[in-house]
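*Asks:* need a structure here:
(chains A and B)
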Amino acid sequence: MSGPALVLVAVVAVLFAAGFELLMQRSLIRVVVGFMLLGHGANLLLLIAGGAAGAPPLLGGPHRGRRMADPLPQAMALTAIVITFGVTAFLLALAYRSQLLLGEDEVQDDIEDRRVRAERRRRDELRAEDADPVEEGEAEGGGG
Amino acid sequence: MNVLVPLPFALPLLGAALAMVSRRRSTWLRVLAPLVAAGVVAAAAGLVAAVARDGTIAVQLGGHPAPLGITLVADRLSALLVAVSAAVLLAIMLHAVAEGAAGLDGREPGVFYPAYLALTAGVCLLFLAGDLFNLFVAFEIMLASSYVLMTLVPTAERMRAGMTYTVVSLTSSILFLTALGLTYAATGTVNLADLSGRVADLPAGTRTALGLLFLLVFGIKGAIVPMHLWLPDSYPVAVTKVTAVFAALLTKAAVYALIRVQTLLFPRAHESWVMLGLAAATMIVGTLGALAHDDIHRVFSFTLVGHIGYMLFGLGLFSVAGLTGAILYLVHHIVVQATLFLVADLMQGRAGSTSLRRLGGLAKLSSFIAVLFLVPALSVSGVPPSSGFVAKLALFQAGLGAGGALAYAVTGVAIVASLLTLMAMTRIWTLGFWRPRPDDAAEPPAPESYTRGGVRVMQSVTAVLVAAGLLIAVFAGPLSAWSRGAATDLLDPAAYRHAVLDGARR
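*Replies:* Below you'll find the predicted structure:
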């Protein structure tokens, strides 16, 4: 069996790289697009897993005795496409609702994380105050 | 063909469809949904009985023979987990119905019931799936319903957490699909039984790569440190009854998948230091996180992460004793984690808050809730004679029995993590229940806003779950024997292959 076409392998690699890059952005719409690219990459990978393209997925008939394409990965890719399609629609709805409620298209920091960070900042300030009370007053004037 | 095997997921799927078309009629939903959930429990009990009688049952859906068709397999582990999950799902369903009847859930979102039933179907299918692709589909059914449940009653905070949760889950699903494609490319099959025969012939490098990829996939879904960061961010934000289901089942389902795939596809004769290392890190990070947080939901979410480590510890030992401990721990933890979150719901209903800074004097407000909290809290910390103690003891014995510096070290970490869990639970106990109410304590909800009867049913459901946790400890003997049988089956892939592949040809 010959290996899969190099072009397809490269396309999968590019789709995955671009998808993960977009997934790590803060803008929700980029995240959704990144997920779509990843889904395409995975589906293409499933197709490649079925072997070289070109043969019909049939037994017998005029193709009797010829090489047959493996129908199983095609069926799996089809199922996966349906799943990614449905989930993408849900993600878009979620992003839209999120924008309605939050008023922006960005992923926010976790509230509890922000609280922990604020507490640490306060502690640092207290420590600085203990060490040098004069400087603290200046910092407050500058920082607002 | 044994009709009991597909029933636990076919029934709730049908129920979900029915509930979806009639989702505006809340009274009808509150009758239909618990009935379906009860039906699943009955089917699961039948399945356990059938497996106890006949051993592993394999069913080919659609009539195609084994490596080609859709295979469902019910062995001792699957049957046990389906039964325990079905029981917990029914209990949480009853809690939700009572909450709706008590008028505590605000606008009753009709979409809860269909989504919940679909989640039930996904969980049951997941435990019964006999091929990797079916496992993937089951995960998707389960997770797609969980996305809906996560963002139920949308608030800004819930949307933020829901987005994180959804995107992380989807990423791991895509990785799962990738691992699936690569496995198919390497072996030409996705049937688990068939795979277990063929993976052994692969070059060692390919096998390791696939094994690590599956560990990554289920590690993300199961919140194993360092892939756990999404869980304490998202779980606590959802509606409490939803968090209870998630915490009880979703991560455990991933642990089950990990156990199944690792024992069937990548069997090994000695312990895996990668898994033992991850297990130790998970236990420590999770329980320390629980100590650092103020919100009860977050404390429980972090202990959940920490206790995933125990199951991974049992699996990492790759011995009958270790797997027995892991299975016992799975069962114990499904029940106890659901109970803890339901108790948190009761506490919130009584005191109006889940933040430890704004709680106090709950023991005086309701001594019944105090008892309901104390029992699962002691159980999750592993204090004898609770179910947690039984499971932890099995794991410690397995760890010490395995010998070797690594197993001893991880056992030590597990004991420390138990003590840290106990500390976290004691913190809630003293601050939430016994300290006098602080000045800025949260206001309890007004008595007019809910009906007494509904609240009483909610308390009874939680009490039943608490009792179920105690029953696990009482019936620890038969349960251990069953788990030991399941663990022996797991370590004998040839028997699994025989049951699935040869059973089909008969």
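*Asks:* Would you mind listing what in the stretch 251-400 of chain B touches chain A?
*Replies:* With the criterion set to CB under 8 Å from any CB of the partner chain, the stretch 251-400 of chain B comes near chain A through B:A292, B:H293, B:D295, B:R298. Any C-beta I mention is one placed from the backbone N, CA and C, and that applies to glycine too.
*Asks:* I'd like to know how far the second one sits from B:D233.
*Replies:* Taking CB to CB, to the nearest Å as the criterion, B:H293 is separated from B:D233 by 12 Å.
*Asks:* what touches both of the two?
*Replies:* Here B:H293 and B:D233 share the contacting residues A:E112, scored by CB atoms under 8 Å, 6 or more residues apart in numbering or on different chains.
*Asks:* Got the domain ranges for chain B?
*Replies:* Domains of chain B are assigned by automatic domain parsing as B:1-266, B:268-474.
*Asks:* Quick one: these as a markdown table, columns for distance to A:F90, mean neighbour count and mean pLDDT too.
*Replies:* Putting those into a markdown table (distance: least, CB to CB, whole Å; neighbours: other CB atoms under 10 Å in any protein chain shown; pLDDT from 0 to 100) gives the following:
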| stretch | distance to A:F90 | mean neighbour count | mean pLDDT |
| --- | --- | --- | --- |
| domain B:1-266 | 6 | 21 | 91 |
| domain B:268-474 | 24 | 21 | 91 |
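*Asks:* Nearest to B:Y496, out of those?
*Replies:* Closest of these to B:Y496 is domain B:1-266, at 5.8 Å (criterion: CB to CB).
*Asks:* So what's the residue count around the closest residue to B:E140 other than its chain neighbours?
*Replies:* The shortest distance from B:E140 to any non-neighbouring residue, by CB to CB, 6 or more residues apart in numbering or on different chains, is to A:I83 (5.1 Å). Number of residues near A:I83 (other CB atoms under 10 Å in any protein chain shown) recorded here: 21.
*Asks:* residues contacting A:I83?
*Replies:* For A:I83, the contact set (CB under 8 Å, 6+ apart) comprises B:V137, B:E140, B:A144.
*Asks:* Run a quick check on the first one versus A:A80, I expect a contact.
*Replies:* Think B:V137. No. Using CB atoms under 8 Å, B:V137 makes no contact with A:A80, being 9.2 Å away.
*Asks:* which parts of chain A sit against chain B?
*Replies:* Near chain B, when you scan chain A using CB under 8 Å from any CB, you find A:19, A:23, A:28, A:31, A:35, A:38-39, A:41-43, A:45-46, A:48-50, A:70, A:72-73, A:76, A:79-80, A:83, A:86-87, A:90-91, A:94-95, A:97-98, A:101-102, A:107-108, A:110-113, A:116.
*Asks:* thinking again about what came up before, can you tell me which of the contacts of A:I83 is closest to B:A37?
*Replies:* When the contacts of A:I83 are ranked by distance to B:A37 (CB to CB), B:A144 comes first, at 19.1 Å.
*Asks:* right, and that closest one touches A:V87 too?
*Replies:* Yes. Using CB under 8 Å, B:A144 is in contact with A:V87, at 6.5 Å.
*Asks:* where's residue 32, which helix or strand?
*Replies:* I'll assume chain A. Per DSSP states H and E, A:V32 falls inside helix A:28-49.
*Asks:* Please refer instead to chain B.
*Replies:* Using DSSP H and E, the element containing B:L32 is helix B:26-54.
*Asks:* just checking, what packs against that helix?
*Replies:* Where contact means 3 or more CB pairs under 8 Å, 6 or more residues apart in numbering or on different chains; DSSP states H and E, helix B:26-54 is packed against helix B:7-21, strand B:70-74, helix B:76-102, helix B:112-128.
*Asks:* Looks like B:V237 contacts B:E157 (just checking).
*Replies:* Yes. Assessed by CB under 8 Å, B:V237 is found in contact with B:E157 at 5.6 Å.
*Asks:* Helices along chain A, start to end?
*Replies:* A:6-23, A:28-49, A:71-102, A:111-131, A:133-143 (DSSP state H).
*Asks:* in the second one, what's buried?
*Replies:* Neighbour counts over helix A:28-49 (16 or more other CB atoms under 10 Å in any protein chain shown) mark A:28, A:31-49 as buried.
*Asks:* can you tell me how far the residue nearest the centre of chain B sits from B:A10?
*Replies:* With distances taken as CA atoms, centre = their mean, B:L249 lies nearest the centre of chain B, 2.4 Å away. Using CB to CB, B:L249 is found at 19 Å from B:A10.
*Asks:* ok, now A:V116?
*Replies:* Counting by CB to CB - A:V116 and B:A10 are separated by 46 Å.
*Asks:* B:D440 - that's part of a strand, no?
*Replies:* No. Read with DSSP: H, G, I helix; E, B strand; the rest coil, B:D440 is coil and lies in no strand.
*Asks:* So it versus chain A, what's the distance?
*Replies:* Look at B:D440 and chain A: by CB to the nearest CB, to the nearest Å, they are 16 Å apart.
*Asks:* With B:L90 instead?
*Replies:* 27 Å.
*Asks:* From chain A, how far out is the nearest residue to that residue once chain neighbours are set aside?
*Replies:* Using CB to CB, 6+ apart and skipping residues adjacent in sequence, the residue nearest B:L90 is B:A37, 4.3 Å away. Look at B:A37 and chain A: by CB to the nearest CB, they are 24 Å apart.
*Asks:* Equivalent analysis for B:V199, please.
*Replies:* Taking CB to the nearest CB as the measure, B:V199 falls 15 Å from chain A.
*Asks:* List the residues that contact that residue.
*Replies:* B:T183, B:T187, B:R207, B:L210, B:L265, B:F266.
*Asks:* Then A:L22?
*Replies:* So A:L22 contacts A:R30, A:V31, A:V33, A:G34, A:L37 (CB under 8 Å, 6+ apart).
*Asks:* Buried residues of stretch B:489-506, list them for me.
*Replies:* Buried positions in stretch B:489-506, judged by neighbour count with 16+ other CB under 10 Å: B:D489, B:L490, B:L491, B:P493, B:Y496, B:R497, B:A499, B:V500, B:L501, B:G503, B:A504.
*Asks:* Which strands and helices lie in contact with the helix or strand just after the helix holding B:L32?
*Replies:* Next helix or strand after helix B:26-54 toward the C-terminus (DSSP H and E): strand B:57-61. On a contact count with 3+ CB pairs under 8 Å, 6+ apart, strand B:57-61 meets strand B:70-74, helix B:503-505.
*Asks:* Give me the mean pLDDT for the last one.
*Replies:* Across helix B:503-505, pLDDT averages out at 54.
*Asks:* follow-up on the earlier one: so which of the contacts of B:V199 is the closest to chain A?
*Replies:* Ranked by distance to chain A (CB to the nearest CB), the contacts of B:V199 are led by B:T183 at 8.4 Å.
*Asks:* what's near enough to touch the closest one?
*Replies:* Contacts of B:T183 (CB under 8 Å, 6+ apart): B:L132, B:V190, B:L195, B:V199, B:L210.
*Asks:* Now the closest residue to the first one other than its chain neighbours. Its backbone dihedrals?
*Replies:* Which is B:L132. In space, and not counting its chain neighbours, B:L132 is closest to B:V190: 4.4 Å by CB to CB, 6+ apart. Backbone torsions of B:V190, given as degrees, to the nearest 10, read phi -120, psi 0.
*Asks:* One more: B:S355?
*Replies:* According to degrees, to the nearest 10, B:S355 has phi -90, psi 130.
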